[in-house]
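Participant: Below is the sequence, then the predicted model.
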There are 2 protein chains.
Amino acid sequence: MGTLRVPNVVPSADQDCERLKKAFDGWGTDEKAVIRVLGCRTTSQRRIIKDRYQQLYNESLIHRLHSELSGDFGKAVILWTQDPPERDARLAKDALRIKKKGIKHLEVIVEVACASSPHHLMAVRQAYCSLFDCSLEEDIASTVDMPLGKLLASLVSSYRYDKEVVDMSVAKSEAATLHEAIKAKQLDCDQVAWILCTRNFFQLRATFNCYKLNYGNPIDQDIKGCGNEDLESLLKMVIWCIDSPEKHFAEVIGKSIIGLGTDEDSLTRAIVSRAEIDTMKIRGEYYNMYNSSLDNAVIGDTSGDYKNFLMTLLGAKI
Amino acid sequence: MGTLRVPNVVPSADQDCERLKKAFDGWGTDEKAVIRVLGCRTTSQRRIIKDRYQQLYNESLIHRLHSELSGDFGKAVILWTQDPPERDARLAKDALRIKKKGIKHLEVIVEVACASSPHHLMAVRQAYCSLFDCSLEEDIASTVDMPLGKLLASLVSSYRYDKEVVDMSVAKSEAATLHEAIKAKQLDCDQVAWILCTRNFFQLRATFNCYKLNYGNPIDQDIKGCGNEDLESLLKMVIWCIDSPEKHFAEVIGKSIIGLGTDEDSLTRAIVSRAEIDTMKIRGEYYNMYNSSLDNAVIGDTSGDYKNFLMTLLGAKI
């Protein structure tokens, strides 16, 4: 369950557009009004507002937001207002533009492939082709080194069955296959990729359970020390996103806040992309992991309109 | 260009449904009327007829066709009346059920992956999941032996960019990569699969051209004798489907007709799936390959309602 709060009586799209237009026009911008409208509408409501705004004022709402808002607040509101497939396609493109060691910046691609519905992943791939004149998997393969690139490209190519169909004998035999690969320190073998990239999420959760029952440790622990640190981190991310996305996102938020400075991009991404899905569960998981409140952490590390917007998405009244 | 002929003035869906209902009811079935209606309507018109038929008579048109028509004629009309993604998902499932040596029966999967639009392939994967409770790639991997299964699964997972964007330097370097793999008799290496499964069709045609210019032979000739006959045949099929689908389908039709007996399933599949796409080109290519007329070949090898239906799809008036 998400934390987005939509008012009991939702104004018409025309009324919302008028309030936004009024917030933009005149001296300065009324950021609070922008938050009160856009921060309290579902994806489909925001889509209608965007279409209607274009018709009424002959200008793109996204362009107007770009020119009215700035900083982390502006970025967050724009991400939130974009259609989710377009948002994730753009985030993936940005990630692939970054030339950095490690794999932290590739996190969003794993999230799209492993913590989203198969349908959403397909829509992201379509949006990516429309926006960037090549396929997501082509860009991955040409920018991410092997064997990570190969695994990531396979992950985004998946179209998993999306209902709860689990075959326990498959779970047992594939847990054994994964265990063999880990023992042999061959995390990059085809079978590991094939299992993780093809099986449905329910089946994989059963396989991970089987692994723990039969071999003693959770699989994400056992992959540590297999010889390729980046591949280990990527696989750990894949396993968490499949097994319990809320744990993954609680960690993303925790890491973005804890320590010196704040990683606003990660914090924004996690809250914006999950506010309609599972921020409620993420909040619980955050408490389990860090023994403190997610809401207090966000309040403590952000300020101004940016803080107000994130807290609105987390269900606070402003 | 296809050969499907739609009348200048198309009756309303209600009129079409009435004519179909009349053709079914009473003593025997009026097959000619069925052909005149369904054989002369586009995919979207057939979809509307199917929906309207269900509403008007509270029965499924497909079920009724099953009970009214039989043999190759019945199979052909039903394939033609199904939604194309569902049709191809069912054909793929049937192909994967066949336990036979060789790869001829897997042809339809290559056609869906390499001779259809990326959008159609995606729709087929969605239909497959809805119909069969698992993903197409899972079924492929569990029924087709390696390395063929791996290649086929990657092919159906592709979502290629679908506009004409070609990078000649990529064409040159990937032609070289393919040439190296062929020289080393390593048709099953990751790079070959990656190039064929990911690049857009226009780019791949440029790569195949480059190959011929730089290394003398067409690539589909050079792959012969690489050591794994099934893999060679599969790759030849992939290359033809990408490079010139009309050549592939002309050959499918030719092989289904020439020699002892007729392979009606292949003949039907080729004509039904291409009648709205490129049967005009297939006709030309057939003449080039066999120095005889495709229409005469179909007339000579089929009979009765089945012949009339196929010829209607090929643009003849009956």
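Facilitator: Looks like it came in fine.
Participant: got a list of what A:Ile182 touches?
Facilitator: A:219, A:222-223, A:226 (C-beta atoms under 8 Å, 6 or more residues apart in numbering or on different chains). The way it works is simple: take the backbone N, C-alpha and C, and place the C-beta from them, glycine included.
Participant: Can you list the buried residues in the helix or strand harbouring it?
Facilitator: In this structure, A:Ile182 sits in helix A:168-183 according to DSSP states H and E. Using 16 or more other C-beta atoms under 10 Å in any protein chain shown as the test for burial, helix A:168-183 gives A:170-172, A:174-175, A:177-179, A:181-182.
Participant: After it, which helix or strand is next? Please name it.
Facilitator: Heading C-terminal from helix A:168-183, the first helix or strand you meet, by DSSP H and E, is helix A:190-198.
Participant: for that next one, packing partners?
Facilitator: helix A:148-157, helix A:168-183, helix A:201-215, helix A:229-243, helix B:136-143, helix B:148-157 (3 or more C-beta pairs under 8 Å, 6 or more residues apart in numbering or on different chains; DSSP states H and E).
Participant: what about dumping the CA coordinates of it to PDB?
Facilitator: The C-alpha trace of helix A:190-198 is given here as PDB (Å, rounded to 0.1, in the frame of the first residue of the first chain):
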ATOM      1  CA  ASP A 190      24.000 -18.500 -18.000                       C
ATOM      2  CA  GLN A 191      21.800 -20.500 -15.700                       C
ATOM      3  CA  VAL A 192      21.900 -17.900 -12.900                       C
ATOM      4  CA  ALA A 193      21.000 -15.200 -15.300                       C
ATOM      5  CA  TRP A 194      18.300 -17.300 -16.900                       C
ATOM      6  CA  ILE A 195      16.600 -18.200 -13.600                       C
ATOM      7  CA  LEU A 196      16.700 -14.600 -12.300                       C
ATOM      8  CA  CYS A 197      15.600 -13.000 -15.600                       C
ATOM      9  CA  THR A 198      12.800 -15.300 -16.600                       C
END
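Participant: Any figure for the gap between the residue in the stretch 51-200 of chain A that chain B sits nearest to and B:Glu285?
Facilitator: Of all residues in the stretch 51-200 of chain A, the one sitting closest to chain B is A:Ser157 (3.8 Å; C-beta to the nearest C-beta). To B:Glu285, A:Ser157 is 31 Å away according to C-beta to C-beta, to the nearest Å.
Participant: And those two? Which one has more around it.
Facilitator: Per other C-beta atoms under 10 Å in any protein chain shown, whichever of A:Ser157 and B:Glu285 has more neighbours is A:Ser157, with 25 against 22.
Participant: Now do the contacts for the more buried one.
Facilitator: A:137, A:197, B:154, B:157-159 are the contacts of A:Ser157 under C-beta under 8 Å, 6+ apart.
Participant: Same list (those residues) but as JSON lines, adding distance to A:Asn291 and pLDDT.
Facilitator: JSON lines is the format used below for those (distance: C-beta to C-beta, whole Å; pLDDT from 0 to 100):
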{"residue": "A:Glu137", "distance to A:Asn291": "40", "pLDDT": "95"}
{"residue": "A:Cys197", "distance to A:Asn291": "35", "pLDDT": "95"}
{"residue": "B:Ser154", "distance to A:Asn291": "45", "pLDDT": "95"}
{"residue": "B:Ser157", "distance to A:Asn291": "42", "pLDDT": "96"}
{"residue": "B:Ser158", "distance to A:Asn291": "46", "pLDDT": "95"}
{"residue": "B:Tyr159", "distance to A:Asn291": "43", "pLDDT": "95"}
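Participant: Among those, which one lies nearest to B:Arg19?
Facilitator: B:Tyr159 (39.9 Å; C-beta to C-beta).
Participant: Would you check that the closest one makes contact with A:Arg125?
Facilitator: Yes: counting by C-beta atoms under 8 Å, B:Tyr159 touches A:Arg125, with 4.8 Å between them.
Participant: Could you grab the helix/strand/coil label for A:Glu86?
Facilitator: Under DSSP: H, G, I helix; E, B strand; the rest coil, A:Glu86 falls in the helix class.
Participant: What about the spatially closest residue to it that is not a sequence neighbour? Give its phi and psi, please.
Facilitator: Once flanking residues are discounted, A:Glu86 sits nearest to A:Ala127: 4.8 Å by C-beta to C-beta, 6 or more residues apart in numbering or on different chains. Main-chain torsions, A:Ala127, degrees, to the nearest 10: phi -60, psi -40.
Participant: contacting residues around A:Ala127?
Facilitator: A:Ala127 sits next to A:83, A:85-86, A:88-89 when contact means C-beta under 8 Å, 6+ apart.
Participant: possible to save those residues as JSON lines with neighbour count?
Facilitator: Converted to JSON lines, those look like this (neighbours: other C-beta atoms under 10 Å in any protein chain shown):
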{"residue": "A:Asp83", "neighbour count": "15"}
{"residue": "A:Pro85", "neighbour count": "22"}
{"residue": "A:Glu86", "neighbour count": "17"}
{"residue": "A:Asp88", "neighbour count": "27"}
{"residue": "A:Ala89", "neighbour count": "24"}
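Participant: Now the helix or strand A:Met122 falls within: buried residues?
Facilitator: A:Met122 belongs to helix A:118-132 when assigned by DSSP H and E. For helix A:118-132, the neighbour count (16+ other C-beta under 10 Å) marks A:118, A:120-129, A:132 as buried.
Participant: ok, now stretch A:276-293?
Facilitator: Of the residues in stretch A:276-293, A:276-283, A:285-286, A:290 count as buried by neighbour count, 16+ other C-beta under 10 Å.
Participant: between the residues you listed, which is closest to chain B?
Facilitator: A:Ile277 (20.9 Å).
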